[in-house]
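>>> Structure of the sequence below:
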Amino acid sequence: MNTTRSNFTRASFEVNQTIHWKMLSDDQCEEIFMTALELLERTGAEILNKDAQEIMVKAGCWLDGTRVRIPSALTEWAAKTAPSRVTLCDRNGNRALRVETTCSYYGPGQGNSFVLDPQTGERRKPVKDDVAAVGIICDALQNIDFALSNGCPSDVNEASADLHVFEALLTNTTKPIIQYIHGVEQAQAILEMGAAVAGDLRELQKNPFFVFLIDADGTLVHSDDALAKVIFAAKNGVPFIYNTKLILGDSAPAAPAGALVVALADVLVGVLLSQLVRQGTPIIAGGIFTINDQENGILPWGAPEVSLVGTGMSNLLRFLRIPSFGFAGASDSKISDAQMGLEEAFSMLHMGLAGTNMIHGCGQLEYGLTGSLVMLLIGDEIVGMTRKIIQGIEVNEERLARGVIDAVQPGGAYLGEEHTLKYFHNEFWWPTLMSRGRLKDWTEAGSKSLGVRATEQTMSILQTHQPEKLSEDVAAKLKGIIEKAEAGL
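Predicted coordinates for the structure are as follows:
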């Protein structure tokens with residue numbers, strides 16, 4: 001049935017294609033950026049790497065001891081020179097993630113000291129098999145876009161743990177990987193492993209399937225180790241994340257605006273150094289923010305300030321056209337309960353609405369101490385809901401359905417209409433984990449809570465999902481690189 005009103009094109013018809021939460025206006029972003037420029041020029045930052053000092057002084061910075069003051073024009077040049085988009089591929093070289101504009105991608109958290117065993121519920125130290133399990137779960141879940149280790153395995157050599165983590169993820173998922181690195185030696189071995197999978201370094205540079213994660217020290221201090229890793233990544237043309245971690249009222253001003261000034265100044269140091277080493281180096285910038293809960297002696301990850309300041313950071317980086325890295329999906333709860341669901345859902349929705357490009361943290365309990373595959377599974381469901389909300393409402397002549405409404409008439413039913421059949425599936429979101437069944441059906445199925453269903457589905461995935469395996473030749477090369485690196489420790 002013809003639902004078209006007419007064939008003319010409306011002039012100046014404004015469309016909100018998707019919903020996005022812009023907390024900071026462009027004027028506010030500019031004010032914070034200008035303040036960060038002044039901070040770097042007047043106060044400067046502690047640069048504790050000699051090579052970085054020499055590179056920055058040669059470019060026109062001023063050095064006094066280990067303090068480097070950066071001319072505003074140089075920082076502005078770096079912000080404009082850094083690519084406004086970074087493309088990450090899957091393990092097979094297919095374009096997977098467009099880290100640009102307001103495209104948002106979700107993945108697990110990292111750095112957990114413990115994991116919750118999905119089968120026994122035991123809280124224990126992670127082992128390499130747990131990292132492999134993360135890879136399998138990430139590979140299977142529809143709404144989890146990249147993989148990231150849930151902790152440092154305790155059953156391998158600590159000095160080479162990064163290599164074992166990378167091998168376990170590479171072996172068990174084809175999705176892009178964020179790989180934390182503890183030093184340049186590990187980074188070199190990981191680069192060799194990546195080149196072995198891609199074919200060679202040139203192919204890896206053309207179609208990168210992993211990105212290095214480098215943590216800044218925060219508070220305008222940049223360690224020898226962190227800057228050495230930045231230089232390494234830039235020299236090799238490998239995309240990396242430069243991430244700052246700040247505690248409001250402790251390592252940064254209590255006022256969110258002041259904390260954002262420090263955070264932006266921190267990551268701009270990484271942006272500048274990378275562009276001075278190799279102009280056009282792909283960099284993603286971001287920060288993790290929290291407060292100091294002195295009453296309980298913790299740094300909470302479920303506090304609203306985490307999302308509030310994180311959203312502001314995403315707005316700033318979008319204003320500067322620098323791809324963003326954010327944090328969401330973690331909880332201060334110790335188990336899979338209502339608190340976990342509230343904190344996980346609110347943070348993931350807020351960071352998605354902000355258009356943060358790469359959002360990590362899903363599946364972390366106990367203020368980041370403990371990783372949970374079950375929580376990661378619930379997070380996948382939340383991401384699906386979040387993406388449906390962000391998608392917004394598309395308005396066009398066919399969707400307005402004026403002819404259909406007229407044909408059905410008041411009091412009529414739309415169920416049998418061709419228009420309904422066409423849009424029934426793609427206009428609605430359907431859960432894969434949450435229950436919408438009637439009480440009788442739910443009771444007969446065992447009266448299972450969301451946590452129980454998520455646990456059962458987690459175990460089912462681990463037992464049945466078969467990720468695409470690496471070839472025997474490539475797998476052998478990876479093990480050889482690890483053995484060679486360990487022999488030199």
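>>> Do me a favour and average the pLDDT over stretch 281-299.
Taken as a whole, stretch 281-299 has an average pLDDT of 93.
>>> right, I mislabeled it, should have said stretch 473-489
On average, stretch 473-489 scores 93.
>>> ok, residues contacting it?
157, 159-160, 163-164, 167, 170-171, 185-186, 189, 192-193, 196-197, 469-470 (CB atoms under 8 Å, 6 or more residues apart in numbering). Backbone N, C-alpha and C define where each C-beta goes, glycine included.
>>> Kindly recompute the last result at 10 Å.
91, 156-160, 162-164, 166-167, 170-171, 185-186, 188-199, 469-471 (CB atoms under 10 Å, 6 or more residues apart in numbering).
>>> List the buried residues in the strand or helix carrying V474.
Secondary structure here is read from DSSP states H and E; on that basis V474 sits in helix 472-487. Taking 16 or more other CB atoms under 10 Å as the neighbour-count basis, helix 472-487 is seen to contain the buried residues V474, A475, K477, L478, I481, I482, A485.
>>> likewise stretch 399-412?
By neighbour count on 16+ other CB under 10 Å, the buried set for stretch 399-412 is A401, G403, V404, V408.
>>> those helices in the stretch 201-350 of the chain, which residues are they?
Assigned by DSSP state H, counting those that start in this stretch, the stretch 201-350 of the chain shows helices spanning 201-206, 224-235, 256-277, 304-319, 338-353.
>>> Export those as CSV, with columns for mean neighbour count, distance to S435 and mean pLDDT.
What follows is those, written out as CSV (neighbours: other CB atoms under 10 Å; distance: least, CB to CB, whole Å; pLDDT from 0 to 100):
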stretch, mean neighbour count, distance to S435, mean pLDDT
helix 201-206, 16, 44, 96
helix 224-235, 21, 45, 98
helix 256-277, 24, 38, 98
helix 304-319, 24, 27, 96
helix 338-353, 21, 14, 94
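>>> Same list (those) but as TSV, adding distance to G384.
What follows is those, written out as TSV (distance: least, CB to CB, whole Å):
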stretch	distance to G384
helix 201-206	31
helix 224-235	33
helix 256-277	30
helix 304-319	19
helix 338-353	10
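>>> that older thread, generate a ChimeraX selection restricted to the buried subset of the contacts of stretch 473-489.
Buried members of those can be picked out in ChimeraX with the line below, counting by 16+ other CB under 10 Å:
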select :91,156,160,162,163,164,166,167,170,171,185,186,189,190,191,192,193,194,195,196,197,198,470
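>>> Mind checking which of the contacts of stretch 473-489 land in helices?
Using DSSP state H, the members of these that fall in helices are 162-164, 166-167, 170-171, 185-186, 188-198.
>>> The nearest residue to L48 once chain neighbours are set aside: what's it in contact with?
If you skip the residues right next to it in sequence, L48 has D224 as its closest partner in space, 4.7 Å away by CB to CB, 6 or more residues apart in numbering. D224 makes contact with I47, L48, N49, K50, D51, A52, T66 under the criterion CB under 10 Å, 6+ apart.
>>> So which of these are in strands?
When strands are assigned by DSSP state E, the members of these inside them are I47.
>>> Using neighbour counts, trim the contacts of D224 to the buried set.
Neighbour-count burial within those applies to I47, L48, N49, A52, T66; the criterion is 16+ other CB under 10 Å.
>>> How about the contacts made by the third one?
It refers to N49. Taking CB under 10 Å, 6+ apart as the definition of contact, the neighbours of N49 are 55-56, 66, 222-231, 273.
>>> how does it look with 8 Å?
Under the criterion of CB under 8 Å, 6+ apart, the neighbours of N49 are H222, S223, D224, A226, L227, A228, I231.
>>> Name the nearest residue to it, ignoring sequence neighbours.
Once its chain neighbours are removed from consideration, N49 has its nearest residue in L227; the separation is 3.7 Å (CB to CB, 6+ apart).
>>> Quickly note the distance from the one you found to S324.
Between L227 and S324 the computed distance is 21 Å (CB to CB, to the nearest Å).
>>> again with E41
Here E41 is placed at a distance of 24 Å from S324 (CB to CB).
>>> Then K58?
The spacing between K58 and S324, counted by CB to CB, is 29 Å.
>>> Give me the more crowded residue out of these two.
Under the criterion of other CB atoms under 10 Å, the comparison of K58 against S324 puts S324 first, with 28 against 9.
>>> Tell me who's in contact with the closest residue in space to that one that isn't next to it in sequence.
The shortest distance from S324 to any residue that is not its chain neighbour, by CB to CB, 6+ apart, is 4.1 Å, and that residue is L317. With contacts defined as CB under 8 Å, 6+ apart, the neighbours of L317 are A285, G286, P323, S324.
>>> closest to G392 among the residues you listed?
Among the contacts of L317, S324 lies closest to G392 (CB to CB), at 20.6 Å.
>>> surely that closest one meets I284?
Yes - with contact defined as CB atoms under 8 Å, S324 and I284 form a contacting pair (6.8 Å).
>>> Show me the common contact partners of these two, please.
The overlap between the contact sets of S324 and I284 (CB under 8 Å, 6+ apart) consists of N357, M358.
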